[in-house]
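Trainee: Build me a model:
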Amino acid sequence: MPRRLYACTPSRLNAWLDCPRRYRMTYLDRPMPSKGPRWAHNSVGSSVHNALAGWWRLPVHERTPEAAGTLLVRGWLTDGFRDEAQSAEWRDRARDMTERYVAGLDPYDEPLGVERTVATRTDRIAVSGRIDRLDARDTELVVVDYKTGRHVLTADDARGSLALAIYAVAASRVLRRPCHRVELHHLPSGEVAAWDHTDESLARHIRRAESIAMEAAEADEAYRARPGGVGGRPPTEDRARVPKPRPGDAAADVDHAPHDDLFPPRPSNLCSWCDFARHCPEGQEAAPRKEPWAALPVDVP
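Mentor: Predicted coordinates:
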């Protein structure tokens with residue numbers, strides 16, 4: 001019998017690489033263990049992404065820098081900030097960076113896609129993802145990914161990004177046009193980190209994705225085959241008696257021991273940023289939990 005294709009996104013593949021335990025809690029455990037507080041830097045990023053997507057959907061004559069700033073303010077997300085003052089400070093900062101970025105765009109240069117979902121498959125995987133912006137330049141497609149973090153990115157970041165390579169391959173196959181260039185647009189600095197892939201470098205990324213997927217798929221299948229039903233859940237008639245996790249549940253509420261042979265923890269400094277840190281004693285020992293606003297640049301109060 002042919003093996004079922006492993007359905008995934010770049011985020012799912014990277015989650016497996018970062019920490020199999022976090023992968024299990026994110027994609028397999030049901031109900032999902034409760035997450036920690038939301039992150040302020042994610043609120044900034046989502047607000048900016050939403051504003052830029054909305055800007056491209058405006059009639060072309062309305063696509064002004066001021067309109068982008070207005071969309072940013074209207075859709076501002078407040079989760080994760082220390083207080084209202086910090087949220088307001090970052091709302092103004094995000095508005096400035098969004099307007100400054102849009103001022104450098106040609107509103108008449110219509111992208112082929114905004115928040116465009118693309119997908120492709122191989123003999124082993126069915127992978128999909130959403131591209132921030134897909135441009136048409138001459139005869140080729142270009143994948144554009146917006147970044148709002150504090151670290152300025154380089155061409156090596158664009159070259160090594162599994163997600164961007166997958167987007168390029170998927171976009172090319174969906175739209176039947178070549179796509180080799182991928183770009184990271186860092187709004188805080190105004191810098192663009194770009195890389196021009198070859199067919200071979202893209203093929204290497206796809207082979208890497210397949211290799212990661214095969215490891216994760218084997219663990220997934222073993223997890224689902226264990227007693228307790230699909231995904232380790234109790235039989236249907238018993239599910240009503242299983243309480244759902246509540247915010248603030250202790251780490252003891254998640255029993256990792258039955259699954260650590262398949263999904264071991266991978267403690268590192270990244271544990272400070274894990275949404276499931278409260279459920280992971282090894283992660284708590286490896287790195288203390290960060291405040292929800294800790295990833296914002298330190299030069300802003």
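Trainee: which helices and strands does the longest strand along the chain pack with?
Mentor: Secondary structure of the chain per DSSP state E: the longest strand is strand 125-137. With contacts defined as 3 or more Cβ pairs under 8 Å, 6 or more residues apart in numbering; DSSP states H and E, strand 125-137 has these neighbours: strand 6-8, helix 10-18, helix 40-57, strand 113-121, strand 140-147, helix 162-175, helix 199-225. All C-beta atoms are positioned from the backbone trio N, CA, C, and that covers glycine.
Trainee: need these in CSV with mean pLDDT and distance to Asp260, can you?
Mentor: Formatted as CSV, the helices and strands packed on strand 125-137 follow (pLDDT from 0 to 100; distance: least, Cβ to Cβ, whole Å):
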stretch, mean pLDDT, distance to Asp260
strand 6-8, 97, 22
helix 10-18, 98, 15
helix 40-57, 98, 28
strand 113-121, 97, 32
strand 140-147, 98, 34
helix 162-175, 98, 26
helix 199-225, 97, 11
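Trainee: So for Arg266, which of those sits nearest?
Mentor: helix 10-18 (6.8 Å; Cβ to Cβ).
Trainee: Run the chain-centre distance for stretch 197-217.
Mentor: Relative to its chain's centre, stretch 197-217 lies at 18 Å (Cα atoms, centre = their mean, to the nearest Å).
Trainee: Any buried residues in that stretch, and which?
Mentor: Across stretch 197-217, burial judged by 16 or more other Cβ atoms under 10 Å covers His197, Leu202, His205, Ile206, Ala209, Glu210, Ile212, Ala213, Ala216, Ala217.
Trainee: Confirm Pro227 sits in a helix?
Mentor: No - using DSSP: H, G, I helix; E, B strand; the rest coil, the assignment for Pro227 is coil, not a helix.
Trainee: Please work out how many residues are found near it.
Mentor: Residues lying near Pro227 (other Cβ atoms under 10 Å) number 8.
Trainee: and the gap between it and Ala216?
Mentor: Look at Pro227 and Ala216: by Cβ to Cβ, to the nearest Å, they are 21 Å apart.
Trainee: returning to what we had before: can you name the two of the buried residues of stretch 197-217 that sit furthest apart?
Mentor: Comparing every pair within these by Cβ to Cβ identifies His197 and Ala217 as the most remote, at 25.8 Å.
Trainee: ok, Arg226 to His256 distance?
Mentor: Separation of Arg226 from His256 (Cβ to Cβ): 14 Å.
Trainee: Give me the number of neighbouring residues for Gly54.
Mentor: 18.
Trainee: Same question for the one 10 residues further on.
Mentor: Look at Thr64: counted by other Cβ under 10 Å, it has 15 neighbours.
Trainee: quick one, phi psi at it?
Mentor: phi -110, psi 160 (degrees, to the nearest 10).
Trainee: do Arg93 as well
Mentor: Backbone torsions of Arg93, given as degrees, to the nearest 10, read phi -60, psi -40.
Trainee: Look at Arg226 and His256 and report which has more neighbours.
Mentor: Set Arg226 next to His256 and count neighbours by other Cβ under 10 Å: His256 wins out with 17 against 13.
Trainee: what secondary structure does the closest residue in space to that one that isn't next to it in sequence sit in?
Mentor: Excluding the flanking residues, the one nearest His256 by Cβ to Cβ, 6 or more residues apart in numbering is Arg21, at 6.4 Å. Using three-state DSSP, the structure places Arg21 in helix.
Trainee: isn't Arg21 right up against Leu262?
Mentor: No - judged on Cβ atoms under 8 Å, Arg21 makes no contact with Leu262 at a distance of 9.7 Å.
Trainee: Neighbour count: the two, which is higher?
Mentor: More crowded of Arg21 and Leu262, by other Cβ under 10 Å: Arg21, with 24 against 17.
Trainee: end-to-end on stretch 14-31?
Mentor: One end of stretch 14-31 to the other measures 22 Å (Cα to Cα, to the nearest Å).
Trainee: buried stuff in it?
Mentor: Neighbour-count burial for stretch 14-31, counted by 16+ other Cβ under 10 Å, picks out 15-16, 19-29.
Trainee: same thing with stretch 139-151?
Mentor: For stretch 139-151, the neighbour count (16+ other Cβ under 10 Å) marks Leu141, Val142, Val143, Val144, Asp145, Tyr146, Lys147, Thr148 as buried.
Trainee: Residues contacting that stretch, please?
Mentor: Contact with stretch 139-151 is made by 41, 44-45, 48-49, 52, 94, 97, 111-112, 131-136, 153, 161, 163-164, 167-168, 171-172, 175, 177-188, 295-297, as judged by Cβ atoms under 8 Å, 6 or more residues apart in numbering.
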